[in-house]
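> Got a predicted structure here, sequence first:
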Amino acid sequence: MFIKQNTSVRYMTLVLLLSFGFICLSHSLYGHQTAKSKEVSQAQLNRQPLTYYLYVEDFAESFIEIPTSNVSGSSPTISSKYLAGRAAIYNANNNEKVGTCSASFLCMQNADGIYTDISNYLTVDNGLIVSWFTPTTLINLELDSIVNSMVTECIVTASTKVGVNPFYQQTFSLIVSSEDGKIYFQFTRTGTIF
């Protein structure tokens, strides 16, 4: 009888110790999740813009022209140009070269004016890779006018992953502006930052 009671006490003690251990473990896991949630909240508050720029002159000097011609004899297109170029981009905070911007410009002129489709691609050494499209109209087909037509505001997602990319699948509000012979790219994170 004494052996059965002693065994029962041991089992009861073991069950209590295991229960206590699971309770402690669940509290530490819950505490870890709370800390992680706080980190995410702090990260969401950190929305410092990332700003880069390129020199319009560098971009214009790199241009290549792809020949274009009207396909049909009755085309309303008066003239057309298809240009592509690329230039180094620099960090606006310290003027260091940090990546590349490339773009292609399909310009078509008809009686209503000059319409341009711009395909933009920007890659930064920190892993940020984004692309976006800019439809616009132009005053003329001069190179400066074409490059400065990159100016826009849009929402972009870092949807390309090459190697390490801490920005992959993050969304940014992008403002592209032109000033003093430079094109500026200002990225501000939107949504959850992880």
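Perfect, thanks for sending it. Residues are numbered from 1 along each chain as shown.
> CA only for contacts and neighbour counts going forward, please
OK.
> Listing request: residues of this structure with sub-threshold pLDDT.
1-9, 11-46, 139-144, 191-194 (pLDDT under 70).
> residue boundaries of the strands in it?
For the chain, the strands defined by DSSP state E occupy 50-55, 64-66, 79-91, 97-110, 113-124, 129-138, 152-157, 171-179, 182-190.
> The last one: partners in the sheet, and parallel or antiparallel?
Under the criterion DSSP bridges, strand 182-190 sits next to strand 50-55 (antiparallel), strand 171-179 (antiparallel) in its sheet.
> And for the shortest one?
Sheet pairing for strand 64-66, assigned by DSSP bridges, gives strand 79-91 (antiparallel).
> buried sites along the partner strand?
Under the neighbour-count criterion of 16 or more other CA atoms under 10 Å, strand 79-91 has 80-91 buried.
> Dump these to a markdown table, plus distance to L122.
Output for these, formatted as a markdown table (distance: CA to CA, whole Å):
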| residue | distance to L122 |
| --- | --- |
| S80 | 25 |
| K81 | 22 |
| Y82 | 19 |
| L83 | 17 |
| A84 | 14 |
| G85 | 12 |
| R86 | 9 |
| A87 | 10 |
| A88 | 10 |
| I89 | 9 |
| Y90 | 12 |
| N91 | 13 |
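> And the residue most central in space within the chain, how far from L122?
By CA atoms, centre = their mean, the mean C-alpha position of the chain lies nearest to A158, the distance being 3.7 Å. Taking CA to CA, to the nearest Å as the measure, A158 falls 10 Å from L122.
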